[in-house]
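Novice: here is my input; please provide its structure:
(chains A and B)
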Amino acid sequence: MYVAVKGGETAIANAHRLLADRRRGDRSLPAVSSEQVIEQLALAVDRVMAEASLYDRDLAALAFRQARGDMIEAIFLLRAYRTTLPRFGVSSPIDTGAMLIERRVSATYKDLPGGQLLGPTFDYTHRLLDPTLLEDGPVEEGAERTETPEAVMRVSEILAQEGLIEGDGTLGEDEGGGDLTREPMEFPMSRDLRLQALARGDEGFLLALGYSTQRGYGRTHPFTGEIRIGEVEIEIDAPELGYAVSLGEIRVTECQMVNQFKGSAKVPPQFTRGYGLVFGQSERKAMSMSLVDRALRAREFGEDIVAPAQDEEFVLSHCDNVQATGFVEHLKLPHYVDFQAELGLVRRMRAEFEAARTASESSDRKEAAE
Amino acid sequence: MAETATPTPETLRAKRASDLIARATRAELATLIDTLGGPFEARPLRGPETGLVMVRGRIGGGGAPFNLGEVTVSRASVRLASGTVGHAQTLGTDRQKARLGAIIHALWQEAATRDSIETRLLTPVEQRIAEARGHARAQTAATRVDFFTMVRGED
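Specialist: Numbering: from 1, shown residues only, chains lettered A, B, ... in the order given. All right, here's what the predicted structure looks like:
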């Protein structure tokens, strides 16, 4: 039986009005602008773009403000917006080798071509709260050092010269070309689709899974070969022009994880790899992604699948926080009829339980009397 | 893909113009249109419209492609009264900027306006970008670690 119930329009309208009121907060304070959010809360904007899987700073900042700073709500808003837009095309693959580098570090080589470039990092800060930020005092510009630019070589290329590491990653003949935004997930999933899912996956979930592999649940013996953050060009083929047009730049974070060896009777032992690539500046996410990418390659390397991080169906079905929040949060919506059915069922079970107990007690008494 | 054929010098010039128009700000485009004596009559052929482009990465940086996520792109195609058709596409949701870009792309193809577009828009935008990139590079370079070895005082 389905019973339509109406009501609550006024309550809902007033709740939304109250939401808008609380979002604005104290009216004696100036409202936060999107420009301020983009400039001063840039990493929040980056996270919204990465997990919404849509790179647009203005829209991400708007979503962040509209969501009162609730990341997953903001991600949800941006995901919902993207469904309203047509797909114009597919970019040429971005070239992270040609990145305008803002940060580049390697934990495997101290002296490497291009050097260790710390960039705007939280590393080596003392994690002490800084009360000077309470006052809007002048802030120095970044120091500059002019030098002839040195090619910033990938660490994987250095190792590849000696054949000590596997290649960048190829797909099987029947793999590739899939798009999770167009087709439902099917398992087993090829590595390109896994990377697409991980790139939009929840940072916290991937962080926990990456951490679990370090603690022994699917150990992969990782080293951070290289992390690089910077701007890459977006280029798309324009048939109307007859050449590929460069549309502008986006910032991405890339992590090359170098993991312990694999070899076979035919191939000598070499390092294996995990790869992370994320919109914006987010090395925690890129590192976690590369750990999970490597863990999910267990089947490919003939490793025993014993840990959650190696189980692709578990990882990929649960890494999307918009899906996850949708299903968890739907529990708060009216389930009145479902619950009435459960109530009826538990009452009937209890009545049967009581009846059985009374019957067995009376038969016990009867036996005792005899 | 366009890169299969060797591009002619004219194709390279056209690509440079499109790339720089995409990177100009809306204000820069609007100012140029005024300077050139606009507004110009431009019949819309496509858009201006906003949509998505799927950005692809490569596994391991250089391997097989995979879908990283989408970017917003705005594009427009217009036909000037002279019949010249212009196209523009740019990152973001600014459709007005795409329309102005398409008009300028059409004007760039016309001999009468090409030179002033080069000197008033393309060269300045190119310089602005080169300067910004130069600062970014120099700021990053200042955070390069110069390792040194401590003298251990044994002798």
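Novice: tell me the helix or strand right after the helix or strand hosting residue A:277.
Specialist: Using DSSP states H and E, residue A:277 falls within strand A:270-279. Scanning forward in sequence from strand A:270-279 by DSSP H and E, the next helix or strand is helix A:283-295.
Novice: so that following helix versus strand A:270-279, what angle?
Specialist: 140 degrees (axes from the mean of the first three to the mean of the last three C-alpha atoms, to 10 degrees).
Novice: for the strand holding residue A:277, the distance to its chain's centre please.
Specialist: 15 Å (C-alpha atoms, centre = their mean, to the nearest Å).
Novice: separation between residue A:178 and chain B?
Specialist: The gap separating residue A:178 from chain B is 8 Å, by C-beta to the nearest C-beta, to the nearest Å. For the C-beta atoms, the positions are set from N, CA and C on the backbone; glycine is no exception.
Novice: ok, that residue - how many residues close by?
Specialist: Neighbourhood size, residue A:178 [other C-beta atoms under 10 Å in any protein chain shown]: 17.
Novice: where's the nearest residue to residue B:74 once chain neighbours are set aside, which helix or strand?
Specialist: Of all residues not flanking residue B:74 in the chain, residue B:98 sits nearest, at 4.1 Å (C-beta to C-beta, 6 or more residues apart in numbering or on different chains). Using DSSP H and E, the element containing residue B:98 is helix B:95-109.
Novice: show me what that helix is packed against.
Specialist: helix B:9-23, helix B:26-35, strand B:42-58, strand B:65-80, strand B:85-91, helix B:111-117 (3 or more C-beta pairs under 8 Å, 6 or more residues apart in numbering or on different chains; DSSP states H and E).
Novice: format those as JSON lines; extra columns: mean pLDDT and mean neighbour count.
Specialist: Listed next are the helices and strands packed on helix B:95-109 as JSON lines, based on pLDDT from 0 to 100; neighbours: other C-beta atoms under 10 Å in any protein chain shown:
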{"stretch": "helix B:9-23", "mean pLDDT": "93", "mean neighbour count": "18"}
{"stretch": "helix B:26-35", "mean pLDDT": "95", "mean neighbour count": "16"}
{"stretch": "strand B:42-58", "mean pLDDT": "95", "mean neighbour count": "19"}
{"stretch": "strand B:65-80", "mean pLDDT": "97", "mean neighbour count": "24"}
{"stretch": "strand B:85-91", "mean pLDDT": "96", "mean neighbour count": "24"}
{"stretch": "helix B:111-117", "mean pLDDT": "93", "mean neighbour count": "14"}
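Novice: of all those, which one is nearest residue A:331?
Specialist: strand B:65-80 (29.1 Å; C-beta to C-beta).
Novice: for the closest one, what is the distance to the chain centroid?
Specialist: Counting by C-alpha atoms, centre = their mean, strand B:65-80 is centred 12 Å from the centre of its parent chain.
Novice: can you check what angle separates that strand from strand B:85-91?
Specialist: 140 degrees.
Novice: the residue nearest to residue B:74 contacts residue B:51, doesn't it?
Specialist: No. At 10.8 Å, residue B:98 does not count as touching residue B:51 under the criterion of C-beta atoms under 8 Å.
Novice: quickly find the element holding residue A:51.
Specialist: helix A:42-52.
Novice: would you mark the buried spots in that helix?
Specialist: A:42, A:44-52 (16 or more other C-beta atoms under 10 Å in any protein chain shown).
Novice: hang on, residue A:163 is in a helix, isn't it?
Specialist: No. Secondary structure of residue A:163 (DSSP: H, G, I helix; E, B strand; the rest coil): coil, not part of a helix.
Novice: now do the helices in the stretch 101-250 of chain A.
Specialist: For the stretch 101-250 of chain A, helices defined by DSSP state H, counting those that start in this stretch occupy the ranges A:155-161, A:191-199, A:203-214.
Novice: just name the most buried of those helices.
Specialist: Most buried of the helices of the stretch 101-250 of chain A by mean neighbour count (mean count of other C-beta atoms under 10 Å in any protein chain shown) is helix A:191-199; its value is a mean of 25.
Novice: mind giving me the packing neighbours of that helix?
Specialist: Partner elements for helix A:191-199 (3+ C-beta pairs under 8 Å, 6+ apart): strand A:270-279, helix A:283-295, helix A:312-318, strand B:65-80.
Novice: between those, which one is nearest to residue A:81?
Specialist: Nearest to residue A:81 among these is strand B:65-80 (9.2 Å), distances taken as C-beta to C-beta.
Novice: partners of the closest one in the sheet?
Specialist: strand A:54-55 (parallel), strand B:42-58 (antiparallel), strand B:85-91 (antiparallel) (DSSP bridges).
Novice: in JSON lines: the ones you listed, plus distance to residue A:314.
Specialist: As requested, the strands paired with strand B:65-80 are exported to JSON lines (distance: least, C-beta to C-beta, whole Å):
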{"stretch": "strand A:54-55", "distance to residue A:314": "26"}
{"stretch": "strand B:42-58", "distance to residue A:314": "24"}
{"stretch": "strand B:85-91", "distance to residue A:314": "36"}
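Novice: by mean pLDDT, which helix or strand of chain A comes out lowest?
Specialist: Least confident helix or strand of chain A, by mean pLDDT, DSSP states H and E, is helix A:155-161 with a mean of 83.
Novice: now for that helix, which elements pack on it?
Specialist: Helix A:155-161 packs on strand A:223-238, strand A:243-262, going by 3+ C-beta pairs under 8 Å, 6+ apart.
Novice: out of those, the one nearest residue A:140 is which?
Specialist: strand A:223-238 (21.4 Å).
Novice: so what strands line up beside that closest one?
Specialist: According to DSSP bridges, strand A:223-238 forms sheet pairs with strand A:100-105 (antiparallel), strand A:243-262 (antiparallel).
Novice: tell me the SS of residue A:28?
Specialist: The local conformation at residue A:28, judged by three-state DSSP, is coil.
Novice: circling back: can you put the helices and strands packed on helix A:155-161 in JSON lines and add mean pLDDT?
Specialist: Formatted as JSON lines, the helices and strands packed on helix A:155-161 follow (pLDDT from 0 to 100):
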{"stretch": "strand A:223-238", "mean pLDDT": "95"}
{"stretch": "strand A:243-262", "mean pLDDT": "93"}
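Novice: a markdown table for the ones you listed, including mean neighbour count?
Specialist: Conversion of the helices and strands packed on helix A:155-161 to a markdown table gives the following (neighbours: other C-beta atoms under 10 Å in any protein chain shown):
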| stretch | mean neighbour count |
| --- | --- |
| strand A:223-238 | 21 |
| strand A:243-262 | 22 |
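Novice: just so I know, which of those strands lies nearest residue A:199?
Specialist: Across the helices and strands packed on helix A:155-161, residue A:199 has its closest neighbour in strand A:243-262 (9.7 Å, C-beta to C-beta).
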